[in-house]
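Got a predicted model here, sequence first, then my questions.
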Amino acid sequence: MRTEPPLEERRHRRRRDRRATPSPPGARRRLSPVGLLLLPLASFALALAFFAAAASGARMNPASAGGRGVAFVLSSAFRRTAPRSGRRSRSRSSSILLLASSSSSRRYHRSSSAVRSDSSPAAPSPPAAAARPLRGVVVANETGEGVGGTSSSATPLTLPLPTDEASSIAEIMSTPNKSLYERLVRRLYMTNLFHPVKMGLQNIEDLHRALKSPLDDPSITVIHIAGTNGKGSVALKTARSLELAGDGTRTRTNRVGLFASPHVSSFRERMSIDGIPITESEVEDLLPRVFEACETRDIPATYFEVTTALAFLYFKEGGCDAVVLETGLGGRLDATNVVSRPELCVITSIGLEHTRILGETIPEIAREKGGIIKAGRPVLVGPHCPHDVLRECAEERGAGGYHTCEDVLGTPEPVAADAEGGAEVVDYDLENARIATAALELLRKQTGAEREGGAESDLILPSPEQIRLGTSQRPSCRFEQVAVRLDEGGEPSLVKRDDVDDGAAITVVLDVAHNPDAMRYLVSKLEATYPSRPKRIVAGFSSDKDLRKCGDALLSVVGDDPSRLHLVEAAHPRAARLEDILDACPALRESNFEESDRSITAQVRSGLRMAAAEGESEVLVVCGSVFLMAEAREALGYDEPRDSEFIAEVAGCNLRHGQENFGNSDPEKKLSDAAAADGTRT
């Protein structure tokens, strides 16, 4: 006997069928009343634009201001006679307009250099003639958080504008000559075109439940880490120390998952077990299950929410004993905050960052980051935090103890000399190591009956020596020091630092110092580490940073000699434009930059040549936004896995991450203000 499915399931099926149903054949557009008035204006503007382009010998650029204006008038003038399918049609068009307006305000490039992944060599791309008619937006060829690259021979990249989610997915998944990994990750990056940001944690909570709450397993020890600066380093040091733990024979060790962002060169860097990134085949196996959960439960999850769910599923099925989670941004409404009972919460530092989103004062930002504190669970707070605010937050949330590093480890020992000439330096890496050490000591105190449910955990805690070794490691691009040699043709190659001879190698430092606090630390670290050597700097920043303070910090490194500075503009929607940097800090107008070629590669190569001309003495520093680092590392001669151009060319579509659009006071107003500042609609 046939039974009728439940009412909610029938409703879901109808919604799904409407979204998947294309517009009826022959559906036509007709003029709206407003269109009757706007069409002559659009025709006149279009004619003027083409005449101007013809006179200058240039081609009409649909991403230019004039092109966008004509497109808006034309889109306003026409509408479909057939009804739109799916209840998210308005949101989709808003998302697409959002991407178009924010993306077209930047210069984006196609990389002419080979980009490889760890899969088999990519087959040739389909010929350009096979592309659909020009009807699109310009998008970044780096990730929303730093993948992809550009080159000095870059050309503008225009992609077709997807009209609906179903057709976009079908087109991506049927692309020939691409691996399943490439197609899945490309689809993931385009998720936010169709799933506008939704306030709160509802999406990730629904998705976590749909996947059977993988990180609510009491056998998995979760350490949740937030903070303005240092959270990535503390997360890595904690994870590496736990990986080293075990008996002396290595017959029993921990399996430790690490979730971190942003990535530098490959999406796979975001999640790893025992230091090994998720493989392409594992992404191919797990990501479709996350997509399926979103579709069957009608969950409009964003890019970061899907990525977080993928990591949680990966850690659960990978048999992890412990998972270290780094928040993406903020804490209270960050997707990682779906974990219900972490063993320990850590807040590394509080500073002014993302003020348009998190709040304009230190206390506001502290409350957002303090949102990860859980009832009954201890919280460890680093030294550069407003302890009065966070103590109050911990009390309100019923934390199982408020701890500082001094509470756990006692008074810190004096900082040892760590520089040329024996100069003493306050090294924030040592501070991060101390926070990680205190976190591990707190875990030790919670063993036995004090652990969750009074049961013993299978987690093995590291010895003091294992902690020392684990906390000595740094993430990439955190005061990362390398040596580079140029061959006769000017091509760079990395040199082992203990293999440098005859003074031919150039010392290079890479650091993702991206806000004034981090820049001040980088300045002091450089002066202490290389006190007698001149520095040359290649730098670029995100548009939401205090550009004047960052520029002043750069000038202090080069002795107010801007000729030793090289400014770049990353091919990313959030990158600060050269014009904005120069307006914020006019003294930088005498630095090195190119209006016609703003790429990182051009200025890194120029900096290498100038540093080489100075002999072994000059230190080249590449710093600023993480968006620079993938291309900078390639320009310096790094040979490491990178996602293919098929992925990188659409990565800017994940620009508006779900966890980036909230605030702790009048959140709806903050979101609308943020959209207005970007020239977009929400």
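In hand now; what should we look at?

Regarding Glu465, which helix or strand does it belong to?
Element membership for Glu465 (DSSP states H and E) is helix 464-470.

hmm, who's touching that helix?
Outside of helix 464-470, the residues within contact range by C-beta atoms under 8 Å, 6 or more residues apart in numbering are Lys237, Thr238, Arg240, Ser241, Leu242, Glu243, Leu244, Ala245, Ala436, Thr437, Leu440, Pro462. For glycine as for every other residue, the C-beta is placed from the backbone atoms N, C-alpha and C.

tell me the mean pLDDT for the next helix or strand after that helix?
Going down the chain from helix 464-470, the next helix or strand is strand 480-486, by DSSP H and E. Averaged over strand 480-486, pLDDT sits at 91.

next one: stretch 597-606
In this model, stretch 597-606 has a mean pLDDT of 89.

neighbours around Glu269, how many?
Glu269: 22 surrounding residues under other C-beta atoms under 10 Å.

That one and Leu236, how far apart?
Distance from Glu269 to Leu236, counting by C-beta to C-beta, to the nearest Å: 11 Å.

Report the set of residues contacting both of the two.
Taking C-beta under 8 Å, 6+ apart as the criterion, Glu269 and Leu236 both touch Ala260.

which stretches of the stretch 101-250 of the chain form strands?
Assigned by DSSP state E, counting those that start in this stretch, the stretch 101-250 of the chain shows strands spanning 136-138, 158-160, 221-226.

Also the stretch 501-650 of the chain?
Under DSSP E, counting those that start in this stretch, the stretch 501-650 of the chain gives strands at 506-511, 535-540, 565-567, 619-624.

how about CSV for those strands, with mean pLDDT and mean neighbour count added?
Listed next are those as CSV, based on pLDDT from 0 to 100; neighbours: other C-beta atoms under 10 Å:
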stretch, mean pLDDT, mean neighbour count
strand 506-511, 93, 23
strand 535-540, 92, 26
strand 565-567, 92, 26
strand 619-624, 93, 28
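
Dump these into CSV; add distance to Arg444 as well.
Shown next, in CSV, are these (distance: least, C-beta to C-beta, whole Å):
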stretch, distance to Arg444
strand 506-511, 32
strand 535-540, 41
strand 565-567, 47
strand 619-624, 37
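
Can you give me the distance of Gly382 to Glu431?
Gly382 is 7 Å from Glu431, by C-beta to C-beta.

Spell out which residues are contacts of both of those two.
Gly230.

Run through the helices of the stretch 351-500 of the chain in chain order.
Along the stretch 351-500 of the chain, the segments classed as helices by DSSP state H, counting those that start in this stretch run 355-358, 362-369, 387-396, 405-409, 428-445, 464-470.

Nearest to Met629, out of these?
Closest approach to Met629 among these (C-beta to C-beta): helix 428-445, 17.8 Å.

Alpha carbons of the closest one, as CSV, please.
Output of helix 428-445 as CSV, limited to C-alpha atoms (Å, rounded to 0.1, in the frame of the first residue of the first chain):
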residue,chain,number,x,y,z
TYR,A,428,55.6,37.1,19.8
ASP,A,429,56.3,33.6,18.5
LEU,A,430,57.6,32.9,22.0
GLU,A,431,54.4,34.4,23.4
ASN,A,432,52.3,32.2,21.1
ALA,A,433,54.4,29.2,22.2
ARG,A,434,53.7,30.1,25.8
ILE,A,435,50.0,30.3,25.2
ALA,A,436,50.0,26.9,23.5
THR,A,437,52.1,25.4,26.4
ALA,A,438,49.5,26.8,28.9
ALA,A,439,46.7,25.3,26.9
LEU,A,440,48.3,21.9,26.9
GLU,A,441,48.9,22.1,30.6
LEU,A,442,45.2,22.9,31.2
LEU,A,443,44.3,19.8,29.2
ARG,A,444,46.6,17.8,31.5
LYS,A,445,44.8,19.1,34.6
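
which residues of the stretch 101-250 of the chain score low on pLDDT?
Confidence mapping of the stretch 101-250 of the chain against pLDDT under 70 gives the ranges 101-163, 197-199, 247-250.

Would you map the helices across it?
Using DSSP H, counting those that start in this stretch, helices in the stretch 101-250 of the chain cover 165-173, 180-189, 202-210, 231-244.

what would these look like in TSV with distance to Val222 and mean neighbour count?
Listed next are these as TSV, based on distance: least, C-beta to C-beta, whole Å; neighbours: other C-beta atoms under 10 Å:
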stretch	distance to Val222	mean neighbour count
helix 165-173	32	17
helix 180-189	24	23
helix 202-210	13	20
helix 231-244	11	26
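
Adding distance to Gly328, write those helices out as TSV.
Putting those into TSV (distance: least, C-beta to C-beta, whole Å) gives the following:
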stretch	distance to Gly328
helix 165-173	23
helix 180-189	15
helix 202-210	11
helix 231-244	10
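
on that earlier part again, looking at the helices of the stretch 351-500 of the chain, spot the one closest to Asp583.
Nearest to Asp583 among these is helix 355-358; the distance by C-beta to C-beta comes to 18.4 Å.

averaged over its residues, what pLDDT does the closest one have?
Average pLDDT, helix 355-358: 68.
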